[in-house]
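In: here are the coordinates; sequence isn't available:
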């Protein structure tokens, strides 16, 4: 039952993709039906192979790369259609015959269905299940794909014929459904990592830009002005910047549709006929908006799902620890807390008015690691643990468990420690100094440089 | 030659170039992001070192420069057409072009169009009508702004050099060639401006080779010797005398202290000894400016003498003075203001500033023109057996198209009427 519940977003996404493909390639419905099913099964089987051969982050990385590439292509197409709509007498050269062919319809459908199938399979425990169980999963996926495709075909035939879709609109809709599907899987989500990268990118860009035009440092500038500059370094800018990048392609496609020049009717000498032609063109243009506008809603759903994932994180209350005479903190491996149980365990160390939060975790490779409960980029809101990863609460970036303990990016800042047979030893001074040097300075920047 | 010029202009000034180049750098940025967190800095460093990347980036300012030429060329051609000075077809300049198989001209048309608020100019075989203000100047401002922006980015990325010096009160002003005249005074005071909270002035005395008295402020930064003088941080130059029971000969040297904002610690290591002195300035009284000590020059210093990791003594002085205890002697006979200053040689900054001004001017002009007075033009060219009608608009396209179509109906109807009259 839980598996069926998990599959709902993916079934909806596959249904949406098939529906849009049927409408986009309305003259080639059988090709679309066949390639949809074949693509889905091939994608599911490919994902099974990936997850069974490579453990850890690689399979997720492959699927995310496919999604990211699709999103980049969507951006390129959106800019292209905007260019075509707003330019005087501009047109793309060639390719119309290929776009009208069955090959094109088949290729587009098979690729999108493969990605949908791979995303779907990533929700299932295929890596550790028996071969028989996996075969059942793939077979079930095939049966499901058949059902979804035929349901989509039936519904598509009942849609008004006036609702048409351009190639760019179709791509936007397919990407919207794929991203909605992937956002329900924590490790395939693109929006949160995008927001985090945007936050870092804008931070770097603003810093470089201010240096470039020789803006004085904050000590010379009115606090109110610096407060506004500080907004560019906050969490909000990452989220809103991510939203802009997320929605811009589909909105460009909508805008390009609206800016498309109406046909010239100057050669028609009857006013009524002219008005009729213009009205027909405007109406067709409006109907072409339906699918891209619906895609905007799906993109929004994906962003929402990503920002508020329905996952409960393991986030224990920090346990206070103290240092001995030599300034060393000792945490036993076994006791009230079992450091080797694969869960993160948080601790709080206070010394002379200063404090540091950190956690100890045994990685999937069986190695203990000690890290600050904060990264070097974000405000120190801490981390929670979900399946296969820890998440930075500030920027909602997932850090695979395999990489916890490695420095850089939004990874928790590693702390040097000594592992003994019965526990770990951490130098208290090193801990508070590291917290002070990295985390507190980051917190000040995030608060607007005050 | 003219045809070749037009082709070069059209290809070089294509609107595709900037998005392609920006897209290319964006992809490069994504690629670099896989390997380092300092993505932007790394990308800038790559572009600075690589001629190929710099050349690709240079395509944008080149494209914009050609675009300026093309816009001007097209604008002049259009004006020439409307003035009836050229016989070129010029369909590419218009949204709609129609040929009507009727002859002669129609005075009634002029009256009708004139009544709709259009201005009219009649030459031998061309009737040009228009209303509103052309957005050509705004387009030029925007293109020039983009040209300046990307030229500035290119120049800054590839040629910026920065040298950091300490400008110290009473010391010669540092220059890349050596040193200049004496820095007479460094003053920090409250500013009354909207943007700046404090103003900083570095006054340099006049001298024979140096020229007259000079003063350097915060913004816009002054130029000196081809470089922008960019004050960054404040601090103090401290003349330190130190002796300890195990260092009876003592130690004396100048140190630059980076102790602002108050509370920030800076430490000086006594060379060849286990001693280290940690300095800081205390927070001023509540309600005072945090930099009041720098403004007045009266600098209370907290210090902590460390021997290895052991604190030997701590204390504070209200400014210049001496501190003696347990055989240790610390004296600060001279404390002077200093400004950590970057000397930046980068003419791209001027382009970036110019871009900002051009974009602001374009926005101020464009909004009212586009909303209230968009340019709409029609042209009717009379041939012996046909009339060619052209139409274009920069806004209010639907209403303008209505006027144009009505004019065409009028020409068509009048032309047919004339033919019928002649036949009867």
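Out: Okay, I see it. Here the structure is a predicted model, which means the values were calculated and not measured.
In: For the stretch 301-424 of chain B, which segments count as strands?
Out: Using DSSP state E, counting those that start in this stretch, the strands of the stretch 301-424 of chain B run over B:301-307, B:310-317, B:321-325, B:328-345, B:376-382, B:387-393.
In: Make a markdown table from the ones you listed and add distance to chain A, mean pLDDT and mean neighbour count to it.
Out: Where you see a C-beta, it was placed from the backbone N, CA and C, and this is true even at glycine. Below are the strands of the stretch 301-424 of chain B laid out as a markdown table (distance: least, Cβ to the nearest Cβ, whole Å; pLDDT from 0 to 100; neighbours: other Cβ atoms under 10 Å in any protein chain shown):
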| stretch | distance to chain A | mean pLDDT | mean neighbour count |
| --- | --- | --- | --- |
| strand B:301-307 | 14 | 86 | 19 |
| strand B:310-317 | 13 | 82 | 13 |
| strand B:321-325 | 24 | 85 | 13 |
| strand B:328-345 | 7 | 90 | 19 |
| strand B:376-382 | 11 | 90 | 23 |
| strand B:387-393 | 7 | 90 | 22 |
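In: Relative to residue A:3, which of the ones you listed is closest?
Out: When the strands of the stretch 301-424 of chain B are compared by Cβ to Cβ, strand B:387-393 sits nearest residue A:3, at 59.4 Å.
In: What parts of chain A come near chain B?
Out: Residues of chain A lying near chain B by Cβ under 8 Å from any Cβ of the partner chain: A:72, A:75-76, A:79, A:83, A:87-90, A:197, A:200-201, A:204-205, A:208, A:212-217, A:219-223, A:225, A:261, A:264-267, A:269, A:271, A:274, A:377, A:408-409.
In: Mind checking which of those are in strands?
Out: With strands taken from DSSP state E, there is no overlap with the residues of chain A next to chain B.
In: hmm, which of those residues are the buried ones?
Out: Neighbour counting with 16 or more other Cβ atoms under 10 Å in any protein chain shown marks A:75-76, A:79, A:83, A:197, A:200-201, A:204, A:212-217, A:219-222, A:225, A:265-266, A:269, A:274, A:377, A:409 as buried within those.
In: Among those residues, which ones are in helices?
Out: Here DSSP state H is the test, and those give A:75, A:76, A:79, A:83, A:197, A:200, A:201, A:204, A:212, A:225, A:274 as lying in helices.
In: Flag the least confident of these.
Out: When those are sorted by pLDDT, the bottom entry is residue A:200 at 79.
In: contacting residues around that residue?
Out: Counting by Cβ atoms under 8 Å, 6 or more residues apart in numbering or on different chains, residue A:200 touches A:238, A:377, B:37, B:39.
In: try 7 Å
Out: Contact partners of residue A:200, counting by Cβ atoms under 7 Å, 6 or more residues apart in numbering or on different chains, are residue A:377.
In: ok, it to residue B:151 distance?
Out: Residue A:200 is 27 Å from residue B:151, where distance means Cβ to Cβ, to the nearest Å.
In: Give the buried residues for stretch A:308-324.
Out: Result for stretch A:308-324 [16+ other Cβ under 10 Å]: buried residues A:309, A:315, A:318, A:321, A:323.
In: returning to that earlier point: what two of the ones in helices among the buried ones among the residues of chain A next to chain B are the furthest from one another?
Out: Longest span within those, Cβ to Cβ: A:225 and A:274, 55.4 Å.
In: Tell me how far residue A:332 lies from residue B:93.
Out: As judged by Cβ to Cβ, residue A:332 and residue B:93 stand 83 Å apart.
In: what about the two, which has more around it?
Out: Taking neighbours as other Cβ atoms under 10 Å in any protein chain shown, residue A:332 and residue B:93 compare with residue B:93 leading, 19 against 13.
In: In which helix or strand does the closest residue to the more buried one other than its chain neighbours reside?
Out: Once flanking residues are discounted, residue B:93 sits nearest to residue B:78: 5.0 Å by Cβ to Cβ, 6 or more residues apart in numbering or on different chains. Element membership for residue B:78, per DSSP states H and E: helix B:51-82.
In: Can you point out the buried residues in the helix or strand immediately after that helix in the chain?
Out: Later in the chain than helix B:51-82, the nearest helix or strand by DSSP H and E is strand B:96-100. Buried residues in strand B:96-100, counted by 16+ other Cβ under 10 Å: B:96, B:97, B:98, B:100.
In: shaky segments in the stretch 101-250 of chain A?
Out: For the stretch 101-250 of chain A, the stretches with pLDDT under 70 are A:235.
In: Relative to chain B, which residue of it is the closest?
Out: Closest approach of the stretch 101-250 of chain A to chain B (Cβ to the nearest Cβ) occurs at residue A:204, with a separation of 3.9 Å.
In: Can you verify my assumption that that residue contacts residue B:40?
Out: Yes. Contact between residue A:204 and residue B:40 holds when scored by Cβ atoms under 7 Å: they sit 3.9 Å apart.
In: Now tabulate the strands of the stretch 301-424 of chain B in TSV and tack on distance to residue A:290.
Out: Formatted as TSV, the strands of the stretch 301-424 of chain B follow (distance: least, Cβ to Cβ, whole Å):
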stretch	distance to residue A:290
strand B:301-307	70
strand B:310-317	74
strand B:321-325	81
strand B:328-345	54
strand B:376-382	32
strand B:387-393	29
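In: closest to residue B:274 out of those strands?
Out: Once the strands of the stretch 301-424 of chain B are compared by Cβ to Cβ, strand B:301-307 is nearest, at 5.1 Å.
In: Can you tell me which helices and strands that closest one packs against?
Out: Strand B:301-307 makes packing contacts with strand B:275-280, strand B:310-317, strand B:328-345 when contacts are defined by 3 or more Cβ pairs under 7 Å, 6 or more residues apart in numbering or on different chains; DSSP states H and E.
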